[in-house]
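Participant: Quick check, what structure comes out for this input:
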Amino acid sequence: MNDTTVIQEADALVVGGGLHGTSSALHLARRGAKVIVLEADYVARHSSGVNAGGVRTLGRPLPEIPLALMSREIWHGMTDLLGEDGGFVPSGQLKIAETDDELQACRERVALLESHGFTHEKVIDRDTVLELEPALARHVTGGIWVERDGYALPFRTTTAFRLAAQRLGARFLEGTAVHRIEQRGTRWLAFTPRGTFGAEKLLVTAGAWSGDLAKQVGEPVPVHPEGLMLMVTHRVAPFCHATLGATGRPLSFKQFDNGTVVIGGKLIGLADLSSRHGEVDFARLVRSARTVTDLFPHLRNLGVNRAWAGVEAFTEDELPVISASRKASNLYYSFGYCGSGFQLGPGCGKLVSELMLDGTPSISLDAFGIDRFERGAASSSSAASSASAAHLVTQ
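Facilitator: As a prediction, the model looks like this:
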């Protein structure tokens, strides 16, 4: 079969079957679009299926907060959207401070948010922290509390979006890696080992592999892969209700109803893009386990049942790319969520569908434009040239 043989046509092609791909597919299909999703492995194989499941507005960079708050409302109404809740538990999220300096940093963070009109994060004192989580070590000094945050089950959630999209006619082809994209006339073509697929609109939401596709159309992004790790313990008697993070060190921590504890928090392992594989770095897991036992000393002898890793894309400014192409028509991007994209998935899928079908999303995505890196490089180059000229003038 040659490159020009199109075996499937659609209104929109979605490259990538993670949560952002399945969510975008669902929201496109809800608007009546005929959608084909092309997934290199299987749906939810990498970061969408193996992350810590945090439904977290807490601690977001300022540009992400409007997206996160909108997405959180979808999480609280997930059953209405999908017919099930994806295992969502509104446990609340608590970011723990362990020193007076860390508690002051929490106060400054919340003051900054309030100056921008955001009131979802609340500073709480040591007594309130221990009232919420009595098993915590007594050295804690306070923290930030967000009552409507929580956690969900990543693989179950992503699968639920897939099934909901399929009920509306979206097609999912797994084991169908997109090696090349090309616009011919008004149509986009995606070339795969299973043939060529065509559509008017194309969405690249392939996680750590998105950068290669963007580069093909002349939009290189400073993005690199990381292997995000998680571990789950043996069962232990119930002791923790909220989803926990820490101010001074990486942590994502929760206990499920069955007694197991899931530990994450941007734990970076090894990533091999060519083999599509994430590898666990046990030395780093040991450091994370030490954080947990510092906060919950009674877990010191608790065994780890298993650990795993998935591949995720990280950008140099730690913000995702959610954008129409600046180089080609009807090409869109949604990737680079830097290990924090799970909570945003339901809302960003909706915004991306609006961007693709209406041209303008209901919440501004200007901060996430793919051309921001090019603009930044140009500004740096201009500043360097000016400085050089000034230096010559003073000689």
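
Participant: drop to CA atoms for contacts and neighbour counts, all remaining ones
Facilitator: Fine.

Participant: these two touch, right, residue 130 and residue 136?
Facilitator: Yes - applying Cα atoms under 8 Å as the test, residue 130 and residue 136 come out as touching, 6.6 Å apart.

Participant: Please identify which of these two sits among more neighbours.
Facilitator: residue 136 (21 against 16; other Cα atoms under 10 Å).

Participant: List the contacts of the more buried one.
Facilitator: 130, 295, 296 (Cα atoms under 8 Å, 6 or more residues apart in numbering).

Participant: now swap in residue 203 and tell me
Facilitator: Contacts of residue 203 (Cα under 8 Å, 6+ apart): 12, 13, 14, 15, 331, 332, 333, 334.

Participant: of all the residues you listed, which comes closest to residue 105?
Facilitator: residue 334 (31.4 Å; Cα to Cα).

Participant: For the closest one, pull up the helix or strand it's in.
Facilitator: For residue 334, the host element (DSSP states H and E) is strand 331-335.

Participant: how near is the residue nearest the centre of the chain to residue 18?
Facilitator: The structure's the chain has its C-alpha centroid closest to residue 341; by Cα atoms, centre = their mean the separation is 1.3 Å. Using Cα to Cα, to the nearest Å, we find residue 341 at a distance of 10 Å from residue 18.

Participant: ditto for residue 344
Facilitator: As for residue 344, its distance to residue 18 is 12 Å (criterion: Cα to Cα).

Participant: Between those two, tell me which one has more neighbours.
Facilitator: More crowded of residue 344 and residue 18, by other Cα under 10 Å: residue 18, with 29 against 25.

Participant: Kindly provide the distance from the more buried one to residue 62.
Facilitator: 24 Å.

Participant: same thing with residue 224?
Facilitator: 22 Å.

Participant: Compare neighbour counts for the two and give me the winner.
Facilitator: residue 224 (17 against 13).

Participant: Now do the same contact list for the more buried one.
Facilitator: 208, 313, 314, 315.

Participant: could you redo the last one with a cut-off of 6 Å?
Facilitator: 313, 314 (Cα atoms under 6 Å, 6 or more residues apart in numbering).

Participant: Taking strand 331-335 as reference, get the angle to the host helix or strand of it.
Facilitator: Assessed by DSSP H and E, residue 224 sits inside strand 223-233. In terms of direction (axes from the mean of the first three to the mean of the last three Cα atoms, to 10 degrees), strand 223-233 departs from strand 331-335 by 40 degrees.

Participant: What segments of the stretch 201-350 of the chain are helices?
Facilitator: Along the stretch 201-350 of the chain, the stretches classed as helices by DSSP state H, counting those that start in this stretch are 210-216, 282-295, 345-358.

Participant: just checking, which of these sits deepest inside the structure?
Facilitator: Greatest average neighbour count among the helices of the stretch 201-350 of the chain goes to helix 345-358 (a mean of 23), per mean count of other Cα atoms under 10 Å.

Participant: Give me the helices and strands touching that one, please.
Facilitator: Helix 345-358 makes packing contacts with helix 19-30 when contacts are defined by 3 or more Cα pairs under 6 Å, 6 or more residues apart in numbering; DSSP states H and E.

Participant: What is the helix it packs on packed up against?
Facilitator: Right, helix 19-30 is packed against helix 154-167, helix 345-358 by 3+ Cα pairs under 6 Å, 6+ apart.

Participant: so for that helix, what's the average pLDDT?
Facilitator: Over the span of helix 19-30, the pLDDT mean works out to 98.

Participant: Please tell me how far the residue nearest to the centre of the chain sits from residue 47.
Facilitator: In terms of Cα to Cα, residue 341 sits 9 Å off from residue 47.

Participant: did I read that right, residue 37 in a strand?
Facilitator: Yes - according to DSSP: H, G, I helix; E, B strand; the rest coil, the state of residue 37 is that of a strand.

Participant: tally of neighbours for it?
Facilitator: When neighbours are counted by other Cα under 10 Å, residue 37 comes out with 25.

Participant: In contact with it, which residues?
Facilitator: Shown in contact with residue 37 (Cα under 6 Å, 6+ apart): 13, 14, 15, 172.

Participant: Stretch 247-260 - what's its average pLDDT?
Facilitator: Mean per-residue pLDDT for stretch 247-260: 92.

Participant: ah, wrong one, I meant stretch 127-136
Facilitator: When pLDDT is averaged over stretch 127-136, the result is 98.

Participant: centre of the chain versus that stretch, how much separation?
Facilitator: 29 Å (Cα atoms, centre = their mean, to the nearest Å).

Participant: cool, and stretch 204-219?
Facilitator: 16 Å.

Participant: residues making contact with that stretch?
Facilitator: 15, 16, 21, 220, 225, 312, 313, 333, 334, 335.

Participant: Over to stretch 187-196?
Facilitator: With Cα under 6 Å, 6+ apart as the test, stretch 187-196 has contacts from 6, 177, 178, 179, 180, 181, 182, 197, 198, 199, 200.

Participant: Select only the buried ones of the residues you listed in ChimeraX?
Facilitator: Here is the ChimeraX command that selects the buried residues among the contacts of stretch 187-196 (16 or more other Cα atoms under 10 Å):
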select :6,177,178,181,182,197,198,199,200
